[in-house]
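**Q** build me a structure from this.
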Amino acid sequence: MLRLAAASLRSPSVSRYGLVRRGEAELKRFEILGSVRAFDGDDEIALGPVKQRAVLAVLLLNANRPVSAAQIVTAVWQDEPPGNGTNVVQKYVAGLRRVLEPERTLRAPWQLLTLTEAGYALTLEPGALDADVFHDRVRKAAAARAEGLLVQASAELEAALALWRAEPLAGLTGPVFDAARDRLTESRAGALESWAEIQLTLGHHATLVPELVRLVAEYPLREQLRHHLMLALYRTGRQAEALAAYRDARAYFVEEFGAEPGEPLQQLHQRILRSDPTLAPPVDSPPPVPVQPPVAPWSPMPVPQPPGLGMPPLAATIPPVQPRQSQRSRWWSWIWLVGAILLTFGTCGYLAWLVVGVYAIRRRSWPNAAAAAFYLLVTLVSLVALFSDPSVTDPSVSETEAELSEAHGWVWFATAFVCWVFGTVHAAILGALTVRRARRLDPNRAARREQALQIVRWKPDLARELLIGRPDLPRQFDDGGLVDINAVPSYVIATLPGVSAYLMQMIVSDRARHGPYASVEHMVARQVITPRLADSLRGLLIFGQLPDGERRPQPGDVQHA
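**A** As a prediction, the model looks like this:
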């Protein structure tokens, strides 16, 4: 089990990642295949608060490439950026520099984390990041397998998978981290499939079955793992269980998606029914040896093992949601809406500054903070005009004082009107935004969207068959509101949040002239949406596959008419 990794750990000149030491000092190394961590030799570096770790994670995902402060703010704070985002990023970068290079002298330049014209760049040596080591070992395994060195390929894959400690980028949320997490998890699943196939080729089918059962439960959409499980069962003389595994797979796909398993799985099923002799293990295969899992099992949540070979529902792979908490959030949002309107309207707008100020603090919104200050100033002017009116304290006033009193009255009326009307409308708008934001947290809708995204990533053919992202077409599958921006007509694009009629026409025109989009970043690069709008659309848009043989555009491919 993990022979290569164990040998690396025992060697005095090789680190956990297989890095060559520089004399007595080891390169600083970083980990994202789990929680974000950094090490100086064998000593873990204290990275500071969560936001500082998140800033480091953004830099690690773009290692050796500059990242602008605006990109860091978008990735770490999403739709709630601090008012002085650039200064906040500078503060966290300074904190990272202190802990990553404590030995730096006062006037010496920074070596790891530098500032360029394009942004901050984290310079890493080859092999300093565990994700890079993982991908490098997977590539080496593929090369060894192509040369027929199966044992060496298996060892490389085991060493690569041993680097995984938990869910990648654990504890970090947001579209940027979610996308990176999906890419890494997809790479891990592919490595596990390759490892299992090599074990079958080596004749380890008998001891491979328990691990394949666990992997099928962890990745229920991966038909290749189900294929390996059926083949391993058949080669161990368990033909009936292999057929039962196919029945479970078929029932799962039909029940969840209304579609049959893929052609390779169906063909294997027919061959097992015929007892095809070509399914037997190679005659010259080496004697089986105990096969251990390539890495300690982990998953985003515990996956219950059902009796027999029945597979769990797709919900087992979706992070758990908290319906009660979401329901409570929706109730509180309605209470906030009604309370804000009543408090503002019932006090003639004199407490509009308080309502808007509370919202500004909660959402860290500088425009609303400025509006709250304006309402407070107008309220003070109104109160001063009211209580400095001479007619309030002395009804018998002179003609001059009467004119002054009339002026005070007009000032009071104008300021009170501004606070009362504009403040109430402003409070109602903020309350409505709170309700809308809470409604987006519907756990059932989020689970359906996550389910659909898994299908898009792992089974694009099935996604097209189920019409995921096509609300303009009649369908039965609920994808949670996803939209395929490359396929839907203009009236569907117009329903997206933040998309005006003009912007809808711009997207449709650009799509027709320059071709389909590859990602929201690609849409930003083609200047059809702003980075801020891209953040709100990131979880809603999918990008349908292009016809076979056609190159998918990249975010940097900006075309001009």
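**Q** next, count neighbours for residue 473.
**A** Residue neighbour count, defined by other Cβ atoms under 10 Å, stands at 9 for residue 473. The C-beta positions use only the backbone N, C-alpha and C, and glycine is treated the same way.
**Q** could you number the chain from 49 rather than 1 from now on?
**A** Fine by me, first position is 49 from now on; the one you just mentioned is residue 521.
**Q** wait, isn't it in contact with residue 515?
**A** Yes. Counting by Cβ atoms under 8 Å, residue 515 is a contact partner of residue 521 at 5.1 Å.
**Q** quick one: low-confidence ranges for this protein?
**A** Judged by pLDDT under 70, the chain has its weakly predicted residues at 49-74, 152-158, 330-381, 410-412, 437-454, 456-457, 482-495, 593-609.
**Q** just give me the residue closest to the centre of it.
**A** Centroid-nearest residue in the chain: residue 226, 1.6 Å away (criterion: Cα atoms, centre = their mean).
**Q** where's residue 386 relative to residue 397, distance?
**A** Distance, residue 386 to residue 397, by Cβ to Cβ, to the nearest Å: 17 Å.
**Q** let me redo that: residue 328
**A** From residue 328 to residue 397 the distance is 84 Å (Cβ to Cβ).
**Q** the more surrounded of those two?
**A** The neighbour comparison of residue 328 against residue 397 (other Cβ under 10 Å) goes to residue 397, with 26 against 11.
**Q** measure the more buried one to residue 423 for me?
**A** 8 Å.
**Q** overlap in contacts, the two.
**A** Listed as contacting both residue 397 and residue 423 by Cβ atoms under 8 Å, 6 or more residues apart in numbering are 467, 471.
**Q** need the nearest residue in space to residue 274, chain neighbours excluded.
**A** residue 297 (4.9 Å; Cβ to Cβ, 6 or more residues apart in numbering).
**Q** what is the neighbour count of that neighbour?
**A** 26.
**Q** pretty sure it is touching residue 309, no?
**A** Yes. Between residue 297 and residue 309 there is a contact at 5.5 Å, judged by Cβ under 8 Å.
**Q** overlap of the contact sets of the two?
**A** 271, 274.
**Q** what's residue 565 sitting at in phi/psi?
**A** Dihedral pair for residue 565: phi -100, psi 150, per degrees, to the nearest 10.
**Q** quick one: contacts for it?
**A** Counted by Cβ under 8 Å, 6+ apart, residue 565 has contacts 533, 534, 559, 571, 574, 591, 601.
**Q** is it possible to get TSV of the residues you listed that adds secondary structure, neighbour count and distance to residue 199?
**A** As requested, the contacts of residue 565 are exported to TSV (DSSP: H, G, I helix; E, B strand; the rest coil; neighbours: other Cβ atoms under 10 Å; distance: Cβ to Cβ, whole Å):
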residue	secondary structure	neighbour count	distance to residue 199
533	coil	25	47
534	coil	17	44
559	helix	19	50
571	helix	23	47
574	coil	20	49
591	coil	20	40
601	coil	20	41
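**Q** between the residues you listed, which sits nearest residue 161?
**A** residue 571 (30.1 Å; Cβ to Cβ).
**Q** that older thread, by contact count, what packs against whichever strand or helix holds the residue nearest to residue 274?
**A** Using DSSP states H and E, residue 297 falls within helix 287-305. Under the contact criterion of 3 or more Cβ pairs under 8 Å, 6 or more residues apart in numbering; DSSP states H and E, helix 287-305 touches helix 271-283, helix 311-321.
**Q** closest to residue 459 out of the ones you listed?
**A** Using Cβ to Cβ, the nearest of the helices and strands packed on helix 287-305 to residue 459 is helix 271-283, at 75.0 Å.
**Q** for residue 97, give its distance to residue 121.
**A** The value you get for residue 97 to residue 121, if Cβ to Cβ is used, is 16 Å.
**Q** more neighbours, these two?
**A** residue 121 (20 against 10).
**Q** not counting its neighbours along the chain, what's nearest that one?
**A** residue 133 (3.9 Å).
**Q** my read is that residue 433 contacts residue 463, right?
**A** Yes. Under the criterion of Cβ under 8 Å, residue 433 makes contact with residue 463 at 6.7 Å.
**Q** what about those two, which has more around it?
**A** A direct count of neighbours by other Cβ under 10 Å for residue 433 and residue 463 places residue 463 higher, at 22 against 19.
**Q** where's that one, which helix or strand?
**A** Going by DSSP H and E, residue 463 is in helix 447-465.
**Q** can you give me the helices in the stretch 349-498 of the chain?
**A** Ranges of helices in the stretch 349-498 of the chain, per DSSP state H, counting those that start in this stretch, are 371-394, 400-411, 414-435, 438-441, 447-465, 471-487, 491-506.
**Q** can you list the domains in the protein?
**A** Under the assignment automatic domain parsing, the domains of the chain span 49-229, 251-337, 371-487, 502-590.
**Q** just put those domains in TSV and tack on distance to residue 240.
**A** Converted to TSV, the domains of the chain look like this (distance: least, Cβ to Cβ, whole Å):
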stretch	distance to residue 240
domain 49-229	7
domain 251-337	6
domain 371-487	32
domain 502-590	13
